[in-house]
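[1] With the sequence up front, the predicted model follows.
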Amino acid sequence: MAQNVVTSKVSISLLSDFKTITKMGLSLSVVFSCLAGYLLAADTINYSVLSLLAIGGYCMVGASNVFNQIIERDLDALMDRTKNRPLPMGRISVTNAFILGTLLTIIGLTILYNINPRTAMFAAVSIFIYTSIYTPLKQKTALSVLAGAIPGAIPFMLGWVAFTGRFDLEPGILFMMQFFWQFPHFWAIAWMLDEDYKRAGFKMLPTGAKDKGTALQIIGYICWTLIISLVPIFSFTGSLELSLYAALPILLIGMGFLYYGFKLFKNQTNIAAKKLMAVSIVYLMSMQLIYVLDKFI
């Protein structure tokens, strides 16, 4: 009985560490974006492909996060937010983490290649940019956010590519929607965690400070996010369409997103940044869900 209890506790601990090192919450949000993109493209839904896309998408993001945490393990130990992660705490060795990241990469890319080669190619590009460009740039320049926005924007369009096997106008628009969204979302997080990031030497805010200049750039990117999200109502985005009925709730949610951007500009507080970050997530998921419902209802 005692041995069973110990085994159970070890299993729970390993699962908890797996969730942390692959950033399960983030990875599941990426899977959501992938599936939304697939549904927007699909004439008929192949549930086997949908399942493969979900698993492959999770592996893609999970691998990126594992490699990121291997590279930044000593820096993570300096920050309150990350000091209890498995690698800084020694619960997972670097060797085992590398094996996990490699397995996730191989499994994920193999699964996505079986959907179609182009889907696997974009997934590989995402892992490479996140690990080899975004991660090392974080200590050098705030332009790292620009690099990070590229893999962050791939999931929505990846779903479309998974169905069609090609990258053209429609997935390009989906990419831009999530690309512009990355900046206000991530800068809101960077604003909240600015002191923590500075302990590790990370340069994340565009002006280097929690000031009106940063807030103004956030407002600008919210505007671009909203504009590109509404472009498909004008019927020149190929088979990616949006009705006026669906555009209205997206516009309303977008105005809420913009409102909290102005609140950050006015108050310049961590509380305002936290609210903006939460609203950014609501906006992205709501916008993607509205697009899917608009197609099928």
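    Structure received.

[2] how about the helices in the stretch 101-250 of the chain?
    In the stretch 101-250 of the chain, the segments counted as helices under DSSP state H, counting those that start in this stretch are 117-129, 135-137, 144-164, 169-192, 194-199, 212-230, 244-267.

[3] Now do the contacts for residue 150.
    Residue 150 makes contacts with 126, 129, 179, as judged by Cβ atoms under 8 Å, 6 or more residues apart in numbering. Placement of C-beta: from N, CA and C, glycine included.

[4] let's see 10 Å
    Counting by Cβ atoms under 10 Å, 6 or more residues apart in numbering, residue 150 touches 125, 126, 129, 130, 133, 134, 175, 179, 182.

[5] So the last one is in contact with residue 144, correct?
    No. Contact between residue 182 and residue 144 fails when scored by Cβ atoms under 10 Å: they sit 11.7 Å apart.

[6] For the helices of the stretch 101-250 of the chain, give me CSV that also has mean pLDDT.
    Formatted as CSV, those follow (pLDDT from 0 to 100):
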stretch, mean pLDDT
helix 117-129, 97
helix 135-137, 95
helix 144-164, 96
helix 169-192, 97
helix 194-199, 94
helix 212-230, 98
helix 244-267, 98
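
[7] Tabulate these (JSON lines), appending distance to residue 55.
    Compiled in JSON lines, the helices of the stretch 101-250 of the chain are given as follows (distance: least, Cβ to Cβ, whole Å):
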{"stretch": "helix 117-129", "distance to residue 55": "12"}
{"stretch": "helix 135-137", "distance to residue 55": "24"}
{"stretch": "helix 144-164", "distance to residue 55": "12"}
{"stretch": "helix 169-192", "distance to residue 55": "21"}
{"stretch": "helix 194-199", "distance to residue 55": "32"}
{"stretch": "helix 212-230", "distance to residue 55": "28"}
{"stretch": "helix 244-267", "distance to residue 55": "29"}
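
[8] between these, which one is nearest to residue 236?
    For the helices of the stretch 101-250 of the chain, proximity to residue 236 was assessed by Cβ to Cβ; helix 169-192 is nearest, at 8.8 Å.

[9] Let's see the closest one as CSV, backbone CA atoms only.
    C-alpha atoms of helix 169-192 as CSV (Å, rounded to 0.1, in the frame of the first residue of the first chain):
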residue,chain,number,x,y,z
LEU,A,169,-3.6,34.9,-49.0
GLU,A,170,-5.9,33.4,-46.4
PRO,A,171,-3.4,31.9,-44.1
GLY,A,172,-1.3,35.1,-44.5
ILE,A,173,-4.2,37.1,-43.2
LEU,A,174,-4.6,34.7,-40.2
PHE,A,175,-0.9,35.0,-39.5
MET,A,176,-1.1,38.8,-39.4
MET,A,177,-4.1,38.7,-37.1
GLN,A,178,-2.1,36.8,-34.4
PHE,A,179,1.2,38.5,-35.3
PHE,A,180,-0.1,42.1,-34.4
TRP,A,181,-1.9,40.7,-31.4
GLN,A,182,1.4,39.3,-29.9
PHE,A,183,2.7,42.8,-29.2
PRO,A,184,0.1,44.2,-26.8
HIS,A,185,-0.3,40.8,-25.2
PHE,A,186,3.3,40.2,-24.5
TRP,A,187,4.1,43.8,-23.6
ALA,A,188,1.3,43.7,-21.0
ILE,A,189,3.0,40.7,-19.5
ALA,A,190,6.4,42.3,-19.7
TRP,A,191,5.0,45.4,-18.0
MET,A,192,3.8,43.3,-15.1
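
[10] quick one: buried residues of that helix?
    Counting neighbours by 16 or more other Cβ atoms under 10 Å, one finds that the buried residues in helix 169-192 are 170-171, 173-192.

[11] tell me how far it is from the chain's mean position?
    9 Å (Cα atoms, centre = their mean, to the nearest Å).

[12] Check the closest residue to residue 249 other than its chain neighbours and give its pLDDT.
    The shortest distance from residue 249 to any residue other than its chain neighbours is 5.8 Å, reached at residue 290 (Cβ to Cβ, 6 or more residues apart in numbering). You'll see residue 290 listed with a pLDDT of 98.
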